[in-house]
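J.: with the sequence up front, the predicted model follows.
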2 protein chains.
Amino acid sequence: MAKFRLDEVDHQILDILIDNTRTPFTDIAKRLNVSAGTVHVRVRKMEEAGIIVGSSLTLNYRKLGYSFIAYVGVFLQKTSQTKFVLERINEIPFVTVAHVTTGKFNIFCKIRARNTEHAKQIIFELDDIEGVYRTETMISLEESLNDKKRLMHSIFKEM
Amino acid sequence: MAKFRLDEVDHQILDILIDNTRTPFTDIAKRLNVSAGTVHVRVRKMEEAGIIVGSSLTLNYRKLGYSFIAYVGVFLQKTSQTKFVLERINEIPFVTVAHVTTGKFNIFCKIRARNTEHAKQIIFELDDIEGVYRTETMISLEESLNDKKRLMHSIFKEM
DNA sequence: GGTGAAAGCACCGAGTT
DNA sequence: AACTCGGTGCTTTCACC
């Protein structure tokens, strides 16, 4: 996959939009001392290049009653079942991400639930998938996000 | 934490904005057969209630040259060192999330890197933190995201 | 809590340097 | 590639329901 080069202006535009995608382009333009048209063109080019894939809301799931997070490692009877099991996993609501991994587990996923009882149901669903040998659950007691902005800064520094 | 009740209109507004935060409120209004003012007020109320925390861009890190993802389980010498180690972990760029967990590991984090060489450096930094006994790495071979939209639909169904 | 209209801005393309 | 400018359309408020 081709690596796309971003200049300082692109960096700064991303930096502002990562924090708030609805920041008016005229505001960004003022802050960066360029015209709003330039901001517009830059953003469009980053979209066309596939760097900016889309935009989304950051929601507080706790406030919606979903404060339980756990990671579940999945062991398979045979690794050849990976594709099949991954598809089944993706059908389970509340599984937010799944990874095929090297190391201890064959598949590794993250779940978001209301409480332990709810999580139990989800884990039982995972356990019930044909080809799953057993699962191992790690409950998150504390989540510490290192936000996107910092990751972008680290990436910019290396460019 | 109080659970905030969302009605059908709120659901649908979130549903649209989760996909694209820049969808004009006038468009949303037309689709939902309400006025643009209503959409505006609903969004503001969800922001005030802390349901909508912010908005962010979805970026393609692969295109920026960062296609390596791994999960690293961290074992501590003593659990009393958790806070200290977590703070050190959060200072390492390219660690995107860290969780204090029950189960096999004491701390569990996700890293994003350019390649295996770069990942090695990051893992060595983790290993070097005072109080870290050893780490265990699981490299992601395939990531399968179950998008936010589906999670929200599952949450709506349960409300 | 919703509406519709109106004022103020933002978007975004065309034309220019 | 970036700027200015202008038509079009979006946001946001407010008096009224």
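T.: That came in fine, so what should we check first?

J.: contacts, neighbours, all on C-alpha from now
T.: Noted.

J.: can you give me the helices in chain A?
T.: A:8-19, A:25-32, A:36-48, A:82-89, A:116-127, A:148-158 (DSSP state H).

J.: which pLDDT does the model give the residue lying closest to A:Asn90 once chain neighbours are set aside?
T.: With sequence-adjacent residues excluded and distances taken as Cα to Cα, 6 or more residues apart in numbering or on different chains, A:Asn90 is closest to B:Asn146, at 6.4 Å. On pLDDT, B:Asn146 comes in at 77.

J.: isn't B:Asn146 right next to A:Ile89, touching?
T.: No: under the criterion of Cα atoms under 8 Å, B:Asn146 makes no contact with A:Ile89, lying 9.5 Å away.

J.: so what sits against both of these two?
T.: Residues within reach of B:Asn146 and of A:Ile89 at once, by Cα atoms under 8 Å, 6 or more residues apart in numbering or on different chains, are A:95, A:98.

J.: those two - which one has more neighbours?
T.: Ranked by neighbour count (other Cα atoms under 10 Å in any protein chain shown), B:Asn146 and A:Ile89 place A:Ile89 first, with 22 against 18.

J.: what sits against the more buried one?
T.: Per Cα under 8 Å, 6+ apart, neighbours of A:Ile89: A:95, A:98, A:126, A:129.

J.: reformat the residues you listed as JSON lines; add distance to DNA strand D.
T.: Compiled in JSON lines, the contacts of A:Ile89 are given as follows (distance: Cα to the nearest atom of the strand, whole Å):
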{"residue": "A:Val95", "distance to DNA strand D": "32"}
{"residue": "A:Ala98", "distance to DNA strand D": "34"}
{"residue": "A:Leu126", "distance to DNA strand D": "41"}
{"residue": "A:Ile129", "distance to DNA strand D": "44"}
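
J.: what is the nearest of those residues to DNA strand C?
T.: A:Val95 (31.6 Å; Cα to the nearest atom of the strand).

J.: how near is the spatially closest residue to the closest one that is not a sequence neighbour to DNA strand C?
T.: Leaving aside its sequence neighbours, A:Val95 sits nearest to A:Ile111 (Cα to Cα, 6+ apart; 4.4 Å). Using Cα to the nearest atom of the strand, to the nearest Å, A:Ile111 is found at 32 Å from DNA strand C.

J.: pretty sure A:Ile16 contacts A:Ile28?
T.: Yes: using Cα under 8 Å, A:Ile16 is in contact with A:Ile28, at 7.4 Å.

J.: pLDDT weak spots in chain A?
T.: A:1-3 (pLDDT under 70).

J.: kindly report the residues of it close to DNA strand C.
T.: Within chain A, the positions lying close to DNA strand C (Cα under 7 Å from any atom of the strand) are A:22-27, A:36-37, A:40.

J.: and those, which are buried?
T.: A:22, A:25-26, A:36 (16 or more other Cα atoms under 10 Å in any protein chain shown).

J.: export the residues you listed to a markdown table and tack on distance to A:Lys45?
T.: What follows is these, written out as a markdown table (distance: Cα to Cα, whole Å):
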| residue | distance to A:Lys45 |
| --- | --- |
| A:Arg22 | 18 |
| A:Phe25 | 15 |
| A:Thr26 | 17 |
| A:Ala36 | 14 |
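
J.: which of the residues you listed sits closest to A:Asn106?
T.: Closest to A:Asn106 out of those is A:Arg22 (39.9 Å), distances taken as Cα to Cα.

J.: break chain A down into its domains, please.
T.: Split into domains by automatic domain parsing, chain A comes to A:8-57, A:61-139.
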